[in-house]
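**Q** Here is my input; please provide its structure:
(chains A and B)
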Amino acid sequence: MDAPTIRARFRDRGFVAGEAFATALQIMLALEKPLLIEGPAGVGKTESAKVLAEVLETRLIRLQCYEGLDAMAALYEWNYPRQMLHARLSETVDLTIEQREAQIFSEKFLLKRPLLEAITQDRSPVLLIDEVDRADEAFEAFLLELLAEWQVTIPELGAIRARNKPHVVVTSNRTRELSDALRRRCLFLWLPYPSLEQEIDILHARVPGLSDRLARQIAQMMQLLRGLSLQKAPGVAESLDWAMALMHLHRDHLDAQIVEETLGCVLKVHEDREIIAEHHEAIEPLLVDASPRVESRVADFGLGSVSTPRS
Amino acid sequence: MYPFGSLPSNLIGFGDFLRREYKFQIGSGELHDTARALELVDLANEIRVRDALRPILSRTLEDAAVFDHAFTTFFFPPPKGVTQEGLGPLRLGVGPETALHEKRVEAGPQAAPDEAEEEEGAKVAGETFTPLAESEPGAAPALLARTSYSPLEAESARGAPVLRRAEPAWRDAARVLVRRLHLGLSRRWRSAARGPRFDLRRTLRASLQTGGEAITARWLRRPRRAPRFVLLIDGSRSMGPYTQTALEVAAAMASATMRLEVFTFSTALQRVTNDVRRSAAGEARRLEHLRHAWAGGTSIGPCLREFLRRFGERTMGRATVVMIVSDGLDVGEPGVLRDAMRELHQRSAGLVWLNPLLETAGYEPTASGMRAARPYITTFASANDVEGFARLSRLVRVRT
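**A** So this is what the prediction gives:
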């Protein structure tokens, strides 16, 4: 699959992928190497893996990393209760210890966790290793072994080799520096915030029925907000939330009042609101002038945007 | 048009160029991958070729940010006599950190030889940082000027400070400090001789040796959460005699833990983690490239804010202990310092401020900078000698 096709297929599923991104995916699929995606929160890193699985018509297997994630939770576990039960029930059966052991430690009693699941599929799945920076360094080292060899050794069963190599997408939010070794194994892609035009495109693709004016206003606001040094800059997910919220409120444009009322969709830290207040004059030109709106509120009623006059 | 005749030699040449000029880490595996990738894309489409090579050859955001510039420089070198600036705007849009891009561009082959050498050193050690205002794209002509210049900077640099392996007593003190910090328990379960949770798996496995009867019980416990450290060292002139001590602290901490990031600041912020690590491994290092950061005036607030903006995401967290070594004599706005301190406090497990003046008889932390910072400090102490540093392990308190 070449890059333009990938872009088109992603587009069909409501994901607007840039050219560099599509090319990176193409290379990743061709070279069978993991793709490490870094970028600010909420630019669609996780979403891209989901869409990739849909495009390839294969399974998405997701491993969400967290502090304290260990090999057991990521790879496999024995089904102890079942093993115990089996051992008790087969007590009367005349078997040697070896035979009994072979029975208990057979694949029937194995609980597959995401990583083992991913290498035992009949068709290459998309393996999403989400937020790898949240797991600790020890887990990263363990992951390296898997990414290099595609082989898992279970002491009781022996080595299990991947039947089909999964397509691996690794995402990181950069809450800590990843090891050089992990970076070496992966292709690297930085997914930045979308440009103004791209964001408008995304808004249209994901929120059907959004007016052109509102989409442009939201995108412009976002560009502006990301330029300020906020503690939590809003991502694409936030602009989509905001667009949905405004649609729900039957707005077709932004004005000072509605921005004030719905800013909670976008800014999640109180201090950031203060920063916005300081940059009032930069935001103002983006908004529709609010003062004549007051008279036209009632007249606007029924002309596509529904708003009720405030007492 | 291309530097070499055939495609493979061009690729090898480009790889060499990236390694040499931009300090990329490229092995033969990557070059092999690039050759395979070029079979897939339209070679006549320059942008597609760039997009294909970038993910393979770069490893970090920093790499990705300078890649396009390197590509242009190598494959489309400017005619002799035309400077790089004459080529118009570079293809950017890789990330928010274009400041870095500009900086590394400067370190590239277009800079004057001595300039290049100096900046190169800075880059290897970490990165040098430009204050935001000076790294605007419009400021291109000024880029060749020293970007960390400020009127407050010292006219002539003093001898560059030396980083060397810490004395055994310092190392012991650092080890005790790291070990004594309690951050509570991690979420992970580890097998142990004794613990609060029964380890069915290992018990069952052990029971095989005793014919299926579980005789020896195995247990699980939660290990302690390991703290991360961020050390911010004030290198301004007023710190004079104490800078060497501060570096000793850094080297000692580096020998005790790998989870350490070290920065120096005065008029600008610089990451020196790699130098400190190497010195802890026994390699004495003179921080030549730190001359600009060293021995100038201090703007603590803006430097801390810069730190949070550039490195906050990667280094701060609930397990991070921030240690600032400074006398708190700040020439900047106290408001900026207060905001930065508040954020550092909120986003860390504890904020330790080591003030060398604290041991001076009659010293009261009344300087405006110190007054602004004071409410957010969890441990206020001094470590002017090894005894002071050893005492620290009993003083530091963290939130869990």
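
**Q** Which is the succeeding secondary structure element to the helix or strand where A:L203 lies?
**A** Assigned by DSSP states H and E, A:L203 falls within helix A:196-206. Using DSSP H and E, the helix or strand that follows helix A:196-206 in sequence is helix A:212-227.

**Q** Residue of the stretch 51-200 of chain A nearest chain B, please.
**A** At 3.1 Å from chain B, A:G68 is the closest residue in the stretch 51-200 of chain A, using CB to the nearest CB. The C-beta positions use only the backbone N, C-alpha and C, and glycine is treated the same way.

**Q** mind checking how far that residue is from B:R194?
**A** According to CB to CB, to the nearest Å, A:G68 stands 20 Å off from B:R194.

**Q** Look at these two and report which has more neighbours.
**A** Using other CB atoms under 10 Å in any protein chain shown as the criterion, A:G68 and B:R194 rank with A:G68 on top: 18 against 9.

**Q** Spatially nearest residue to that one (excluding sequence neighbours)?
**A** B:R187 (3.1 Å; CB to CB, 6 or more residues apart in numbering or on different chains).

**Q** The one you found contacts A:E67, correct?
**A** Yes. Between B:R187 and A:E67 there is a contact under CB atoms under 8 Å: 5.9 Å.

**Q** Name the residue in the two with the higher neighbour count.
**A** Neighbours were counted for B:R187 and for A:E67 using other CB under 10 Å; A:E67 has more, 15 against 12.

**Q** Bridged to B:R197, which residues?
**A** Taking DSSP bridges, one obtains B:L220 as the residues bridged to B:R197.

**Q** And the residue of chain B found nearest chain A, what's its pLDDT?
**A** Closest residue of chain B to chain A, CB to the nearest CB: B:R187 (3.1 Å). Looking at B:R187, its pLDDT stands at 76.

**Q** Just checking the helix holding A:L203 against chain B, any contact.
**A** No. Using CB under 8 Å from any CB of the partner chain, helix A:196-206 stays clear of chain B, coming no nearer than 10.4 Å.

**Q** Between helix A:212-227 and that helix, find me the angle.
**A** Going by axes from the mean of the first three to the mean of the last three CA atoms, to 10 degrees, helix A:196-206 is angled at 130 degrees with respect to helix A:212-227.

**Q** Show me where the chain has its strands.
**A** Here I'm looking at chain A. Listed in chain order, the strands of chain A (DSSP state E) span A:35-38, A:60-64, A:76-78, A:110-112, A:126-130, A:151-154, A:158-161, A:167-172, A:187-190.

**Q** look at chain B instead
**A** B:162-163, B:190-192, B:197-198, B:219-221, B:228-234, B:260-265, B:269-271, B:285-286, B:320-325, B:350-354, B:379-381.

**Q** Give me the helices and strands touching the third one, please.
**A** Under the contact criterion of 3 or more CB pairs under 8 Å, 6 or more residues apart in numbering or on different chains; DSSP states H and E, strand B:197-198 touches strand B:219-221.

**Q** Quick one: list the elements packing against the strand it packs on.
**A** For strand B:219-221, the elements it packs on are strand B:190-192, strand B:197-198, judged by 3+ CB pairs under 8 Å, 6+ apart.

**Q** Mind doing that once more with 10 Å?
**A** Applying 3 or more CB pairs under 10 Å, 6 or more residues apart in numbering or on different chains; DSSP states H and E, we find strand B:219-221 packed against strand B:190-192, strand B:197-198, helix B:200-207.

**Q** Out of these, which is closest to B:I324?
**A** Nearest to B:I324 among the helices and strands packed on strand B:219-221 is strand B:190-192; the distance by CB to CB comes to 33.6 Å.

**Q** who touches the closest one?
**A** Contacts to strand B:190-192, defined as CB atoms under 10 Å, 6 or more residues apart in numbering or on different chains, come from residues A:70, B:199, B:201-202, B:218-223.

**Q** Does B:T245 touch B:M239 like I think?
**A** Yes. Counting by CB atoms under 10 Å, B:T245 does reach B:M239; the two are 9.4 Å apart.
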